[in-house]
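[1] model the following, please.
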Amino acid sequence: MKTAVTMTQVVAIRKNSLQALSVKFSDYLQLTKFKLSSLVVITTGLGYLIALRNPLTAVSDHFLLTMFGSFLVVGAANAFNQVLERGTDALMVRTKNRPLPSRRMGLTEALLAGTAMTLLGLTILAWITNWLTTMLAALALTNYVFGYTPLKRRSEFCTLVGAISGAIPPMMGWAAVRNELSLEAWALFALQFLWQLPHFWTIAWLYREDYLLGGFKILPVKGEPNSVTRQTMFYTFATVVVSIYPLLTGKVTPVYALIASLLGAWFVFSALRFHSLKTKESAKKLLIVADSYLPLILLAWLLTKQN
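    Numbering: from 1, shown residues only. As a prediction, this is how the structure comes out:
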């Protein structure tokens, strides 16, 4: 009977330990904003593949380590962002359950995690790629943490500053392959820079009451509804215009024109609908379209590329 009890206790201890590890792992994923970081790193990978003259050589240690290093840097930026915004995160419904405001993770632990990811990520990029890629990663992180994050509580222009950091990852992918920033690299930057504005403003529109509680002075909180939806529509259109660039270079097949036209029409129509209705339902639909548009247009650029 004693043995049976002891075995039951062992099983229970193991089960509790696994649950604790699972919760802790989940907290670290939240600290890095795993879903957002993954989307950003996907654009790094697509920038890398577009830069390759032979995409069939993509699956290599160089590619995988570039992606991993980039993810660590992006994750570190998000970790430091949550450290600085732990007080405001506690005020908002959508963020109050994050590791820091919920007190499942201490400030020191979060700072150590962010620092470790920064050092490891930049070291990997410096070792496996080049100094240009590493400097771009450091610039994106610094601007996001020390520029965009504090500016959110001071000016509605914070989104423009933050969009610079968000637009650098595909350039990093390009630089990792070519070690230079050509017009194609800047086109990747412009496409992602402009895309972020309707994407973020749509999210902020959906959670504007939360952002108001947090004291963030972003456009959907400060601006009139008509101004918000009008600017969302304008930057959506600008994003689609920039997507024409690969055609101008003559380095993609005519199939790209068809795909870009269909995706662009889908994106613009959704923005027009949001501008017309100004409802949460239309905002949610625009967000779904925006989340789909960026990876799809970059994938179209890659798949129709001519060497």
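[2] let's see the pLDDT reported for Phe269.
    pLDDT recorded at Phe269 is 97.
[3] and the helix or strand it falls within, what other elements does it pack with?
    Phe269 is located in helix 255-277, with elements delineated by DSSP states H and E. Here helix 255-277 touches helix 225-242, helix 245-249, helix 280-303, going by 3 or more Cβ pairs under 8 Å, 6 or more residues apart in numbering; DSSP states H and E. From N, CA and C alone the C-beta is placed, and that goes for glycine too.
[4] and of these, who's closest to Phe34?
    helix 280-303 (15.0 Å; Cβ to Cβ).
[5] got the CA coordinates for the closest one in CSV?
    Provided in CSV are the C-alpha atoms of helix 280-303 (Å, rounded to 0.1, in the frame of the first residue of the first chain):
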residue,chain,number,x,y,z
LYS,A,280,-16.0,46.7,-35.6
GLU,A,281,-17.2,44.0,-37.9
SER,A,282,-15.7,45.8,-41.0
ALA,A,283,-12.5,46.5,-39.0
LYS,A,284,-12.1,42.8,-38.1
LYS,A,285,-12.6,41.8,-41.8
LEU,A,286,-10.0,44.4,-42.8
LEU,A,287,-7.6,43.0,-40.2
ILE,A,288,-8.0,39.5,-41.6
VAL,A,289,-7.3,40.8,-45.2
ALA,A,290,-4.3,42.9,-44.0
ASP,A,291,-2.8,39.9,-42.2
SER,A,292,-3.1,37.8,-45.4
TYR,A,293,-2.1,40.5,-47.8
LEU,A,294,1.5,41.1,-46.8
PRO,A,295,2.8,37.5,-46.8
LEU,A,296,0.8,36.7,-50.0
ILE,A,297,2.2,39.7,-51.9
LEU,A,298,5.7,38.9,-50.9
LEU,A,299,5.2,35.2,-51.8
ALA,A,300,3.9,36.3,-55.2
TRP,A,301,7.0,38.4,-55.7
LEU,A,302,9.1,35.4,-54.8
LEU,A,303,7.3,32.8,-56.9
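[6] still on that earlier bit, what's the helix holding Phe269 in contact with?
    198, 202, 229-230, 232-233, 236-237, 239-240, 243-244, 246-247, 282-283, 285-286, 289-290, 293, 296-297, 300-301, 304 (Cβ atoms under 8 Å, 6 or more residues apart in numbering).
[7] quick one: buried residues of it?
    Within helix 255-277, the residues that count as buried by 16 or more other Cβ atoms under 10 Å are 256, 259-260, 263-264, 267-268, 270-275.
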